[in-house]
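*Asks:* Test case, fold it:
(one chain, ligands or ions: 3)
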Amino acid sequence: MSAASASLDAAQVASILARVAERRPRVHCLTNTVAQNVTANMLLAVGAIPSMASHPEEVAAVAAGAGAILINLGTISSEGERAIPKLLDVARERGLPLVLDPVFVELSPLRMRLAQAVLRLPGVSVRGNAAEMAALDPALARAQGVLRVTTGRIDRIEGAGSAYLVAHGHALMTRVTGLGCASSALVAACRTVEPDPALAAAAALTAYGIAGEIAAGRAAGPGSFAMHLIDALAGLDEAALAARMG
Ligand SMILES: Nc1ncnc2c1ncn2[C@@H]1O[C@H](COP(=O)(O)OP(=O)(O)OP(=O)(O)O)[C@@H](O)[C@H]1O
Ligand SMILES: Cc1ncsc1CCO
Ligand SMILES: [Mg+2]
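*Replies:* Ligands and ions are numbered 1, 2, ... in the order given. Got it, this is the predicted structure:
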C-alpha cells in the first residue's frame, strides 16, 4: 500500500453516481465476447451509454466521441489487436480516460505485450484480479501515473498518493462470468465524471459491491443473481449506500 487508505462516504459515492446518471457518458468498450452483454447492461444500469465497436476501420471514429475508453484483453482477436493502437491514439489525442482490464494476462505472451503497449500511455487505470495484477506488476511499476485496482473479496485501489480499500461485494460475484469485466467498465464510467481516478474507482467498486450484497439477498443462485445485480445497481440511492457503509 503506497499510502494510508482513505475512507469514502455514501454521499461521495451517491454524488458520483448522480453525475453519471445525469450526464449519461458514453463508455467505449473494446471487450471480450463473453462479457459484452453483461458489461453493456451494467453501464446502462448506472445511466451510462455503452458502445462496443471493435472493427479496426471504425473503432477510432466511434470512440472519439466517448467520455472514456475501456480496453479488455479477454478473447482477444487479431481484429481487436489492430484496434488497440487506434484506441490509444484516440485516448492520447482527446485526453480521454483509459481503463485496462488485463484478462488472463498471466496466461498469454500476446496479452502481456498488448498490456505493455497500453501502459505506455500515462495515467491508465488498470482493473484486474490478484493473479492478473501480480503478473503485470513489473509493467505496472514502470508505467507513469498508473492506478492499480485489484479486485477480490477486498478491492485495493492504489495510485500515486492515494489508496482505498473496498470491503463490499458477495461471493456470488465470482459465480457469474464477466462481472469483473463489467466492474472495469463501471470504473471507466465513474472516471468520466470524477477527475480523481482513485476516488472514481473506489466509488464504482463500492456501488457495485453494495449492489452485489443487495442482489445476493434476493437471488436463488448465480443465474438470478446476475439479474438482481443489474436491478440493484440501477436502484441504488444514497440511503441504500449509507445503510451498508456504516
Ligand atoms: N469473495 C468475494 N467476496 C465479495 N466480493 C467479491 C469476491 N470476489 C470478487 N468480488 C467482487 O466481484 C467483482 C469482480 O471481481 P473479481 O476479482 O471476481 O473479477 P475477475 O476475476 O476479473 O472476474 P471475471 O473474470 O469473471 O470478469 C468485484 O467487484 C469484487 O469486489
Ligand atoms: C471466461 C472468459 N474468458 C475470456 S474473457 C472471460 C470473461 C471473464 O473474464
Ligand atoms: Mg477478469
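*Asks:* then the longest helix anywhere in the chain to PDB, C-alphas only?
*Replies:* The longest helix of the chain (DSSP state H) is helix 197-216. Presented in PDB, the C-alpha positions along helix 197-216 are these (Å, rounded to 0.1, in the frame of the first residue of the first chain):
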ATOM      1  CA  PRO A 197      -9.100   8.300 -10.700                       C
ATOM      2  CA  ALA A 198      -8.700   6.600  -7.300                       C
ATOM      3  CA  LEU A 199     -11.900   8.200  -6.000                       C
ATOM      4  CA  ALA A 200     -13.700   7.300  -9.200                       C
ATOM      5  CA  ALA A 201     -12.600   3.600  -8.900                       C
ATOM      6  CA  ALA A 202     -13.400   3.400  -5.200                       C
ATOM      7  CA  ALA A 203     -16.900   4.800  -5.800                       C
ATOM      8  CA  ALA A 204     -17.600   2.500  -8.700                       C
ATOM      9  CA  LEU A 205     -16.500  -0.600  -6.700                       C
ATOM     10  CA  THR A 206     -18.300   0.500  -3.600                       C
ATOM     11  CA  ALA A 207     -21.600   0.900  -5.500                       C
ATOM     12  CA  TYR A 208     -21.000  -2.400  -7.400                       C
ATOM     13  CA  GLY A 209     -20.200  -4.300  -4.200                       C
ATOM     14  CA  ILE A 210     -23.200  -2.900  -2.300                       C
ATOM     15  CA  ALA A 211     -25.400  -3.800  -5.300                       C
ATOM     16  CA  GLY A 212     -23.900  -7.300  -5.100                       C
ATOM     17  CA  GLU A 213     -24.800  -7.500  -1.400                       C
ATOM     18  CA  ILE A 214     -28.400  -6.400  -2.100                       C
ATOM     19  CA  ALA A 215     -28.700  -8.800  -5.100                       C
ATOM     20  CA  ALA A 216     -27.400 -11.700  -3.000                       C
END
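*Asks:* Follow the chain on from that helix and name the next helix or strand.
*Replies:* Next helix or strand after helix 197-216 toward the C-terminus (DSSP states H and E): helix 222-235.
*Asks:* Just after that next one, pick out the following helix or strand.
*Replies:* Moving toward the C-terminus from helix 222-235, the next helix or strand (DSSP H and E) is helix 238-245.
*Asks:* which of the residues in that next one are buried?
*Replies:* 238, 240-241, 245 (16 or more other Cβ atoms under 10 Å). Using the backbone N, CA and C atoms, a C-beta is placed for each residue, glycine as well.
*Asks:* roughly how far is stretch 8-25 from the heart of the chain?
*Replies:* 15 Å (Cα atoms, centre = their mean, to the nearest Å).
*Asks:* should've said stretch 119-128
*Replies:* For stretch 119-128, the distance to the chain centre is 12 Å (Cα atoms, centre = their mean).
*Asks:* pLDDT score assigned to the closest residue to ligand 2 within the chain?
*Replies:* Ligand 2 sits closest to G74 of the chain, with a gap of 2.7 Å, by Cβ to the nearest ligand atom. You'll see G74 listed with a pLDDT of 98.
*Asks:* Next, work out how far apart it and V46 are.
*Replies:* Applying Cβ to Cβ, to the nearest Å, the value for G74 to V46 is 21 Å.
*Asks:* For the residue positioned nearest the centre of the chain, list the residues it contacts.
*Replies:* Taking Cα atoms, centre = their mean as the criterion, S184 is the residue nearest the geometric centre of the chain, at 1.4 Å. Contact analysis of S184 by Cβ atoms under 8 Å, 6 or more residues apart in numbering lists 70, 72, 99-101, 127, 149.
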